[in-house]
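**Student:** The following comprises the amino acid sequence and a computationally predicted model.
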2 protein chains.
Amino acid sequence: MATEQREISVSEFFTKNRHLLGFDSPTKALLTTIKEAVDNSLDACEEAGILPELRVEIHTVGENRYRVMVEDNGPGIVKEQIPRIFGKLLYGSKFHRLRQSRGQQGIGISAAGMYGQLTTGRPVVIESRANRRRPAHHYELVIDTVRNEPVIKKEREAEWPDKAHGTRVEIELEGIYKKGRHGVESYLRQTALANPHVSLEYLAPGETEPMVFPRAIQELPAEALAIKPHPYGVEVGMLMRMLKDTKSRQLKGFFQSEFSRVGPKAALSIIEPSGLQPTTSPRRVSPEKAEKLIEGIRHTKIPSPPTNCLSPIGEEQLVAGLQQQIEADFYAAVTRHPSVYRGNPFQVEVGLAYGGKLPADELITLLRYANRVPLQYQAGACAITRSVVTTKWKSYGLQQSRGALPTGPMLLMVHLASVWVPFTSESKEAIAGYDEIIKELRLALQEIGRKLARHIRRGQRERDAAKKRAYIERYIPHIGVALQEILDLSDRQEKKLVATLTDTMYRSRKV
Amino acid sequence: MATEQREISVSEFFTKNRHLLGFDSPTKALLTTIKEAVDNSLDACEEAGILPELRVEIHTVGENRYRVMVEDNGPGIVKEQIPRIFGKLLYGSKFHRLRQSRGQQGIGISAAGMYGQLTTGRPVVIESRANRRRPAHHYELVIDTVRNEPVIKKEREAEWPDKAHGTRVEIELEGIYKKGRHGVESYLRQTALANPHVSLEYLAPGETEPMVFPRAIQELPAEALAIKPHPYGVEVGMLMRMLKDTKSRQLKGFFQSEFSRVGPKAALSIIEPSGLQPTTSPRRVSPEKAEKLIEGIRHTKIPSPPTNCLSPIGEEQLVAGLQQQIEADFYAAVTRHPSVYRGNPFQVEVGLAYGGKLPADELITLLRYANRVPLQYQAGACAITRSVVTTKWKSYGLQQSRGALPTGPMLLMVHLASVWVPFTSESKEAIAGYDEIIKELRLALQEIGRKLARHIRRGQRERDAAKKRAYIERYIPHIGVALQEILDLSDRQEKKLVATLTDTMYRSRKV
């Protein structure tokens, strides 16, 4: 057996398991490629404090073969980093920090390039300019999948007369272009909905004029800041590694400096039950003592982690985005307070549009988002879908069959923002059902359900009132005529009687 | 941005994404750990041609804390390989070959050890003996997650007086022990059902006597052999890598020696449209020419790959296993001929038990298997479930609501055997819906559905016939008496008449 054992590179692994990354069908591969590039562009722009301007192009280059181009006005990438960012899986800046961003794993764009390379043999082409005073750089890269390292095929300076900074990536791949719910256009439309600060142009295959999604608000979302881990999310294995890696020389200082929300008092409370001294060197803590420290953490009351690592869309922006894109009678949004799962802060938001021209006899449209990115596939496996389906919408005035989405003229957006979204797979299509997340989703849905119920009830009341009014206006004149005949009233008397009757009726109405 | 970019080790990645590997809840973590160890033991035994004898133990060591032990009579592991097999993710012998086995990724058992280490800080303990003349080796390992490399904590020789060869692995972990459908016992029972050649002992937490699943057949399954890739499953990226890596000096020889089923004629037919010569050096093929070669492959008729890489359970063994474990009236099995998806041979098998004491008013029980391993989670996301649900069971005599499993007294086993099972995630819980696989699943289900329908119809016919017989036997004597009175027949005449009538009636029955 000895000789056959060997190492598997992460690129080989994902080449064989491409469906894990969202490349299981040619249709999905095309969408995933665009999605990964757009995610990266938006993250880069926002981190640099630049209002994003993106251009997405898809060109047909053969049967089932496309060339995808995504260009941004972001900060650009320094020359040395380009090859590994685009030509190595599991490489990036977002994995090791706790802060809301669209990308988190350092796989996406390299995997898209690898897929292109596998299906067409063509390299990824990157041009990037980081500085107005310097030229742009042009790279053509492939991945050496056995070593999971980039191989530079071409490298040169490039002319960028019009743009001071930005990045453009081009990938040629086998794919199938489709319109409709899982299509690129739908994905970009949903992206614009949850990112009203983004300006987006999209040139579809075969078109000459781009589709334009203009910016709806002129301000960047509040910047998300990186935070330290919270003690409640730490297990003994991670604690032991942190104890080994820390620069702190004393246990007390270690807890105060390496974690969120641990002050001197909490640090002492954590250490005390272990029998260790506050001055003990972190490196000298044994596994047994580390377990005692974990127990100490569990028995110490520590405030929730700071939530400035999150950047929710916000109720106003949610409603503004919906109003711009969806024609409806009623709009509402709920942004819950941040909560925590496994020490990771997260926040749930829900927005809805109801009535108007939305189809009344169909299941509602549910749009799922994680860190402002629309989730297009695997709805059934997602905690968001499950939470919507198990919410009792009948109490809020919608029809609903058991185990199904409610029926009614409604579009529902659900957004989960977190420093670490627990996706059910690397392709980031569905959110895993952690209890704390399910709970917050439920509460948010119930809250917006109550708003919806008030609107529907108000509508019902108004319809009832209008009906009653119609009755009054229809029948009272006839009563007037009848009474005039019976009581032999003059026309003036009859008119007065009708007026009095009408007035009394209106005032006696309950609504 | 430059300074923040860094490499992410695969261990770090899966530590943060543990739910991808099946460690998302303490209940599942315990089951996954056992499953990974059992998979490895069974693979090792079968590869070495040894009838597997396994012992699984779970010991409670604290609140929500267990020590799992799995011991086999396999060939053992040579000393040098132990650390990396158990202490490094993406390391193994099964990834780079095309041959049916339970493990395929080189992640499972190391990930289980890593989870144990994370939640309890304890090392994995391995003892293995590869040779009767040598001692066993004892190792205690942890994984350095930053480097994805094993760290040896202890290493020594061990006494194994009773066993000539075998491996024992012990992992301490945080978990929750549950009985029921997703529990360990259920998993082991299902394993025994699909692996009648395995003898298994299981000591549950708190028990003193092990549960025994005896071996039902005394023969190993046919050995699965490794095959070469089939041209139809090769894309341009992979072809280019193979062209670069080959030892063949000429293109024609390359195609004949590196692929399944390519003879001299097929090789020439593949090469011809590219304009290359059969004697061209593989290393000198450009990306453009590689694409032409792929086109050449598509236009060349090449026989399906050999299927001795597969080792199905077999119809007889399926029925034998069901008969041993399930009390029912009717058993049936279907083993389809092998088929191919993306160049990978695969084979679908279905077995069923019907009637008897199985509950008639509930949804049927569906057991899913991939390469003889029971799949316990994510039923909804699995191509097997989808195929069963979309099969029209009403035509086969079962009740069924739209989008649901059929209702009836039935247990259905569905097994997919392949050299590479396309799982929807690394935790290997559901099979991705490739068209070719869905098609074979459908055909297998329809075939067994027809068998079931015949049985149910025969039952129906027999009940109908019995009813008719009962009518005849009940009414004819009365007719005899009436006729005797009307026609004034003697008793003998009446008896004869009744006999003739009865005989005529029986013979005139359509069934």
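**Tutor:** Received, thanks.
**Student:** how far out from the middle of the chain is stretch A:277-286?
**Tutor:** 41 Å (Cα atoms, centre = their mean, to the nearest Å).
**Student:** In that stretch, which residues are buried?
**Tutor:** Using 16 or more other Cβ atoms under 10 Å in any protein chain shown as the test for burial, stretch A:277-286 gives A:278, A:280, A:282, A:285. For the C-beta atoms, the positions are set from N, CA and C on the backbone; glycine is no exception.
**Student:** List the residues that contact the second one.
**Tutor:** Which is residue A:280. With contact set as Cβ atoms under 8 Å, 6 or more residues apart in numbering or on different chains, residue A:280 has these partners: A:250, A:251, A:271.
**Student:** hang on, the first one packs against residue A:278?
**Tutor:** To tie it back to what came earlier, the one meant is residue A:250. Yes - Residue A:250 lies in contact with residue A:278 (Cβ atoms under 8 Å); the separation is 6.4 Å.
**Student:** still on that earlier bit, quick one: which of the contacts of residue A:280 sit in helices?
**Tutor:** If you go by DSSP state H, these have A:251, A:271 in helices.
**Student:** Check the residue in the stretch 151-300 of chain A positioned nearest to chain B and give its pLDDT.
**Tutor:** For the stretch 151-300 of chain A, the residue closest to chain B is residue A:237, as judged by Cβ to the nearest Cβ, at 3.3 Å. On the pLDDT scale, residue A:237 is placed at 86.
**Student:** what's the helix or strand for it?
**Tutor:** For residue A:237, the element it lies in under DSSP states H and E is helix A:236-245.
**Student:** low-confidence ranges in chain A?
**Tutor:** Filtered on pLDDT under 70, chain A yields the residue ranges A:1-3, A:508-511.
**Student:** Walk me through the domains of it.
**Tutor:** A:10-213, A:231-298, A:315-455, A:457-508 (automatic domain parsing).
**Student:** Quick one: end-to-end distance for the third one.
**Tutor:** By Cα to Cα, to the nearest Å, the extent of domain A:315-455 from end to end equals 17 Å.
**Student:** Does chain B have contacts with that domain?
**Tutor:** Yes - residues of domain A:315-455 contacting chain B under Cβ under 8 Å from any Cβ of the partner chain: A:378, A:380, A:381, A:420, A:422, A:423, A:424, A:425, A:426, A:432.
**Student:** The third one: how many residues sit nearby?
**Tutor:** Spelled out, it's residue A:381. For residue A:381, the neighbour count with other Cβ atoms under 10 Å in any protein chain shown is 21.
**Student:** for the helix holding residue A:237, packing partners?
**Tutor:** Contacts defined by 3 or more Cβ pairs under 8 Å, 6 or more residues apart in numbering or on different chains; DSSP states H and E place helix A:236-245 against helix A:251-258, helix A:287-298, helix B:108-120.
**Student:** helix or strand right after the longest one?
**Tutor:** So the one you mean is helix B:108-120. Next along the chain after helix B:108-120, taking DSSP H and E as the criterion, comes strand B:124-129.
**Student:** And the contacts of that next one?
**Tutor:** B:76-77, B:79, B:82, B:86-87, B:112-113, B:116-117, B:135-142, B:158, B:160, B:163-171.
**Student:** re earlier: from the helices and strands packed on helix A:236-245, which stretch is densest packed?
**Tutor:** helix B:108-120 (a mean of 27; mean count of other Cβ atoms under 10 Å in any protein chain shown).
**Student:** Please see if that one touches chain A.
**Tutor:** Yes - using Cβ under 8 Å from any Cβ, helix B:108-120 reaches chain A at B:114, B:117, B:118, B:119, B:120.
**Student:** check whether stretch A:77-96 contacts chain B.
**Tutor:** Yes - interface with chain B: stretch A:77-96 contributes A:77-78, A:80-81, A:84-85, A:88, A:90-93, A:95-96 (Cβ under 8 Å from any Cβ).
**Student:** Please tell me how far residue A:8 sits from residue B:14.
**Tutor:** 13 Å (Cβ to Cβ, to the nearest Å).
**Student:** re the thing from before, do you know which of the domains of chain A lies nearest residue B:507?
**Tutor:** domain A:315-455 (53.6 Å; Cβ to Cβ).
**Student:** most neighbours, which of the residues of stretch A:77-96 next to chain B?
**Tutor:** residue A:92 (27 neighbours).
**Student:** Would you tell me what helix or strand residue A:311 is located in?
**Tutor:** Using DSSP H and E, residue A:311 sits within no helix or strand.
**Student:** what's the spacing between the nearest residue to it once chain neighbours are set aside and residue A:307?
**Tutor:** Distances taken as Cβ to Cβ, 6 or more residues apart in numbering or on different chains place residue A:224 nearest to residue A:311, at 4.2 Å, with adjacent residues excluded. Distance, residue A:224 to residue A:307, using Cβ to Cβ: 10 Å.
**Student:** Ok, residue A:103 next?
**Tutor:** 21 Å.
**Student:** Please apply the same query to residue A:282.
**Tutor:** Where residue A:307 is concerned, residue A:282 sits at a distance of 28 Å (Cβ to Cβ).
**Student:** show me where the stretch 401-511 of chain A has strands.
**Tutor:** Listed in chain order, the strands of the stretch 401-511 of chain A (DSSP state E, counting those that start in this stretch) span A:406-407, A:410-418.
**Student:** Give me whichever of the ones you listed is most buried.
**Tutor:** When these are scored by mean count of other Cβ under 10 Å, the highest mean neighbour count falls to strand A:410-418 (a mean of 24).
**Student:** Please name every helix or strand in contact with the lengthiest helix in chain A.
**Tutor:** Secondary structure of chain A per DSSP H: the longest helix is helix A:435-487. Secondary-structure packing of helix A:435-487 (3+ Cβ pairs under 8 Å, 6+ apart): strand A:330-335, strand A:339-341, strand A:344-354, helix A:383-390, strand A:410-418, helix A:491-508.
**Student:** quick one: which of the ones you listed is nearest residue B:487?
**Tutor:** Closest of these to residue B:487 is helix A:383-390, at 74.4 Å (criterion: Cβ to Cβ).
**Student:** what about residue A:492, neighbour count?
**Tutor:** Residues lying near residue A:492 (other Cβ under 10 Å) number 8.
**Student:** residue contacts, it?
**Tutor:** Contacts of residue A:492 (Cβ under 8 Å, 6+ apart): none.
**Student:** circling back: pick out whichever of the residues of helix B:108-120 next to chain A sits closest to residue B:261.
**Tutor:** residue B:114 (40.4 Å).
**Student:** Can you tell me how far that closest one is from residue B:68?
**Tutor:** 14 Å.
**Student:** And residue A:345, by the same measure?
**Tutor:** 33 Å.
**Student:** neighbour count winner among those two?
**Tutor:** Of the pair residue A:345 and residue B:68, residue A:345 is the one with more neighbours under other Cβ under 10 Å, namely 26 against 23.
**Student:** residue contacts, the more buried one?
**Tutor:** The neighbourhood of residue A:345, defined by Cβ under 8 Å, 6+ apart, consists of A:227, A:230, A:304, A:305, A:306, A:307, A:309, A:310, A:338, A:339, A:418, A:419.
**Student:** hmm, try it at 6 Å
**Tutor:** A:305, A:307, A:309, A:310, A:338, A:419 (Cβ atoms under 6 Å, 6 or more residues apart in numbering or on different chains).
**Student:** just those residues now: which is nearest chain B?
**Tutor:** Nearest member of the contacts of residue A:345 to chain B, counting by Cβ to the nearest Cβ, is residue A:419, at 11.1 Å.
**Student:** Quick check: closest non-adjacent residue to the closest one.
**Tutor:** residue A:98 (4.2 Å).
**Student:** Contacts only, for the one you found.
**Tutor:** Neighbours of residue A:98 in contact, by Cβ under 6 Å, 6+ apart: A:226, A:227, A:309, A:419.
**Student:** Report the central residue of chain A.
**Tutor:** The residue lying closest to the centre of chain A (Cα atoms, centre = their mean) is residue A:370, at 2.4 Å.
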